[in-house]
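**Q** would you be able to build a 3D model of this:
(chains A and B)
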Amino acid sequence: MTEQPDSPPFRYTAEFANRIEARWQDYWREHGTFHAPNPVGDLADPKHPRFGAPKQFVLDMFPYPSGAGLHVGHPLGFIGTDVFARFQRMAGHNVLHTMGFDAFGLPAEQYAVQTGTHPRTTTEDNIVRYRAQLRMLGLGHDDRRSVATTDVDYYRWTQWIFLQIFNSWYDPSKNRARPISELEAQLSHLPAVERNRIVDEHRLAYVSEAPVNWCPGLGTVLANEEVTADGRSERGNFPVFKRSLRQWMMRITAYSDRLLDDLDKLDWPEPIKLMQRNWIGRSTGAYIDFPADGEKIRVFTTRPDTIYGATYMVLAPEHELVDKLMPGVWPLETHEAWTGGHATPPEAVAAYRAFAAAKSEVERQADAKAKTGVFTGAYAINPASDQPVPIFIADYVLAGYGTGAIMAVPGQDERDWEFAEVFELPIVRTVEPPPGWEAKAFTGEGPAINSGMLDGLGVADAKAKAIDWLEDSGYGEGAVTYRLRDWLFSRQRYWGEPFPIVYDEEGRAIAVPDEMLPVALPEVADFSPKTFDVNDANSEPETPLSRAKEWVEVELDLGDGPKRYRRETNVMPQWAGSCWYQLRYLDPTNHESFVDPANEAYWVGPQPGQEPGGVDLYVGGVEHAVLHLLYARFWHKVLYDLGHVSSFEPYYRLFNQGYIQAYAYTDDRGAYVPAEEVTEEQPGIYVWNGQKVNREYGKMGKSLKNVVTPDEMCERYGADTFRVYEMSMGPLEVSRPWETRAVVGAQRFLQRVWRAIVDENTGKTTVVDTPADLETKRALHKAIAGVREDMAALRFNTAIAKLIELTNTLTKLPATPREVAEPLVVMVSPFAPHIAEELWQKLGHDETVTYVDFPVADASLLVEETVTYPVQVNGKVRGRIEVAVDADESTVRAAALAEVGVTDPKKVIVIPGRLVSVVA
RNA sequence: GCGGGAGUGGCGGAAUGGCAGACGCGCCAGCCUUAGGAGCUGGUGCCUUCGGGCGUGGGGGUUCAAGUCCCCCCUCCCGCACCA
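**A** Next up is the predicted model:
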């Protein structure tokens, strides 16, 4: 943006802003302005003005330093936390705010593969670039505390925490994790081999052979949370297949109840809590065993009260008992519809299995309405009614949930009803529907019928009695199941934390002892993963580290003399590093432990009114609702159980910022055209280069040709303007479109602030020491009261509106009184810190504005002398009256009636200070 | 299908049940100016016969008073998706 040569030399232009911004950024760095003092250790500083003050730990979600760099959407949350952090400093808090980098993971590796450079090189370059972009925005970070997950000093502790998890087990009787040594002690009477087997089966991090999500396109397995509903990888959108593979798992399911119940103690948005609750998916009910030909078919049900209505059973097609129970020939008089037209049960079952396996996830969901299945030829006995019930297989029963088998109760379950209709199975209602009920299955509340001993009981009582009966008779037991599965923790990639695990000759996983940490990621000739055809479900994962032979084969002395071991060649998933980073921020230079207990207790320990402890404000996007946020809570709880931290939740208050989105434009061929060059010729008619183009709304991205970068905004307007614009364009939690041309409004505001205090021609301050008039004082204190409230509630957009209003009253004055200028500068400083520092200095102060007290409103100036009441007649404003603020109700009433000329009102309502409503 | 969130000027958005549209963009008029992607001042919901009328997705309701509370419906976004 070019300025006229004759513009005044001290006008607040973009160039001018850029000059002072660079200067203040240097100042902050040199003075360590944003260093937050720790209670103990390297970062303790008793001379700091906030040493020992009440703390505030303000945290941004760990960014991934992408090769594409930042666009204007990325810093929205970062600026929000910075504004809040600066406000909290001025409100007297010791504020910890910093930023590190979640730098391991697939994208870095993929980018490195594409460019042929080492992931470390690209990652470090990206971090450098990211840091420069962040610095330019004037973020008040304590840069001493910044960490990257890829730092060896950092992942040394990630490995240490992994070993803590590996070396512990969950004791259900104590409902917490305990050191594995305590389990070993309990089992000391057993022979070593058996003891080891039991111990290894109980570890919170364990190896298991189990069906996992294998993604050939990425060459790695994925966690359930990383697979979308339609069976594709969240990253890259490649097909994902279920394969049974030997993999590392984390026993997060042991924590299901605590992860669920402790949500109630957190200050999080309800939708996020709900998403976690749904993901964990606790259901309470019972296991019931149905005898069948010498076997027992165990089902899970949430409605044990309806057992008398179980008229058939359904197993998942892959259920292990199907082959055992299935007879070679159909029983006599088998219903034609049940056989699927096949001559024998084995043929029918094989055909159905093939049919079900061929369906994609998408097809299966699309077909959810039409129930399919086939009779196995076998019968079980309903233990309550003693009736034989046919056993079907059907794909509406999922192998992965509950026991992979259900008792079908068509009377009280819509799916079972539909299936029963298709296969002409008997339907028995065991809960009496309300009179006039004409629909099919009835899932509501009502008395039990056709249910023997349960008849007449309500649903809850019937459930309890049914469970008692099951437990007494040995047919089952009350039970709770969860949707949550254990967390698949290994990845067949290069760019991740190596496991601190070796295998001995027997193949037993053994922890690398603490003193041998870190296990550094070795250099390899080829760090690219073995790639496969994206649809090659039968391909075998091959880890890049397995090719580093001299690293894999290692001789170690683990206490019983030097022996040969083989290293684990999987690496940890990207989520590992972000499970605990906020703790490392607290004590980043500590070499003795991952965080000193005193520093942990000070920054995130339990507080009055904040029982779980944790970060005071955590800001980030909603996309991590069930991934990072669930994993990090789990790790934190393990650390808590083992006594390493005093808080039992990592993030006390969570805030989801919205996204900045953008318009993109396509021409007739569907090709994107540069959004910057598109003009709106008429409302709704967009033109580029003389041709009409179509507008779409969504993400910002290179391929959409609509990226706007903070770099370019800083250059064209200055960082302060950019910050003010982003904070003023709407509430932080709401997504909204970017509009470059509107940024100028923020610049005009800062220019007016500048001009209210500084002469544009001389650069000298123009404030006067004469007191402000009463009206101006009132405007100031009204602003102070409002801004303070808005800041605390993260309502930055309305806070800025109030500052603009205050500034606009000042521009009408011949000169700005100092007693208004100073608080204005202080209140502006969280949003526009550079210009605020510059103005603060011009007002004669030597020190940074960072630790100046935020103004407090004088309550006496918030009350006006007179108040204007609108007078409504039958709900419409018909006039207004001005009366003394302390006028009593009858005075107001009389004045109001006189004003609107009503002599005989039916009713008059006076709302003190608000309005008068007359019913005529 | 279930659950959650949201619908307010041309646009982003303000409004403890109490004057709808704060603040900003854009637009209009004026000032300044060498012809402005600059600055300043003022205006700007819609309709109007200039009295006023109508307006917060639609329709009902509660109330002196509803964007806000209640009921029904529509649209969009997000999550889950045959979870037994």
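**Q** when you work out contacts or count neighbours from here on, use the C-alpha atoms and nothing else.
**A** Will do.
**Q** quick one: the strands in the stretch 601-750 of chain A, in order.
**A** Along the stretch 601-750 of chain A, the segments classed as strands by DSSP state E, counting those that start in this stretch run A:617-620, A:654-656, A:660-666, A:672-673, A:679-682, A:685-688, A:691-698, A:736-737.
**Q** let me fix that: the stretch 1-150 of chain A
**A** Using DSSP E, counting those that start in this stretch, strands in the stretch 1-150 of chain A cover A:55-60, A:94-96.
**Q** out of the ones you listed, which comes closest to residue A:200?
**A** Ranking those by proximity to residue A:200 (C-alpha to C-alpha) places strand A:55-60 first, at 36.7 Å.
**Q** and the closest one, what does it pack onto?
**A** If you count contacts as 3 or more C-alpha pairs under 8 Å, 6 or more residues apart in numbering; DSSP states H and E, strand A:55-60 packs onto helix A:75-90, strand A:94-96, helix A:597-604, strand A:617-620.
**Q** following the helix or strand bottoming out on mean pLDDT in chain A, which helix or strand comes up?
**A** Scoring the helices and strands of chain A by mean pLDDT, DSSP states H and E places helix A:361-366 at the bottom, with a mean of 71. For helix A:361-366, the following helix or strand on the C-terminal side (DSSP states H and E) is strand A:374-381.
**Q** that older thread, which one of the strands of the stretch 1-150 of chain A lies nearest to RNA strand B?
**A** Proximity to RNA strand B (C-alpha to the nearest atom of the strand) singles out strand A:55-60 among the strands of the stretch 1-150 of chain A, at 20.0 Å.
**Q** and the closest residue to RNA strand B within chain A, bridged to which residues?
**A** With C-alpha to the nearest atom of the strand as the measure, residue A:301 is the residue of chain A nearest to RNA strand B, at 2.6 Å. With DSSP bridges applied, residue A:301 shows beta-bridge pairing to residue A:286.
**Q** so who does it touch?
**A** A:285-288, A:406-407 (C-alpha atoms under 8 Å, 6 or more residues apart in numbering).
**Q** just put those in a markdown table and tack on distance to residue A:275.
**A** Supplementary listing: the contacts of residue A:301 in a markdown table, determined by distance: C-alpha to C-alpha, whole Å:
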| residue | distance to residue A:275 |
| --- | --- |
| A:285 | 22 |
| A:286 | 25 |
| A:287 | 26 |
| A:288 | 29 |
| A:406 | 26 |
| A:407 | 28 |
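**Q** nearest to residue A:59, of the residues you listed?
**A** Distance from residue A:59 was checked for each of the contacts of residue A:301 by C-alpha to C-alpha. The minimum falls on residue A:285, at 40.2 Å.
**Q** with adjacent residues omitted, what lies nearest to that closest one?
**A** Nearest-residue entry for residue A:285: residue A:302, 3.9 Å, with adjacent residues in sequence omitted and distances by C-alpha to C-alpha, 6 or more residues apart in numbering.
**Q** and the strands of the stretch 601-750 of chain A: which comes nearest residue A:453?
**A** Relative to residue A:453, the nearest member of these by C-alpha to C-alpha is strand A:654-656, separated by 49.5 Å.
**Q** so which elements touch the closest one?
**A** Counting contacts by 3+ C-alpha pairs under 8 Å, 6+ apart, strand A:654-656 is packed against strand A:617-620.
**Q** does anything pack onto the strand it packs on? Which helices or strands?
**A** Helices and strands touching strand A:617-620, as assessed by 3+ C-alpha pairs under 8 Å, 6+ apart, comprise strand A:55-60, helix A:75-90, strand A:654-656.
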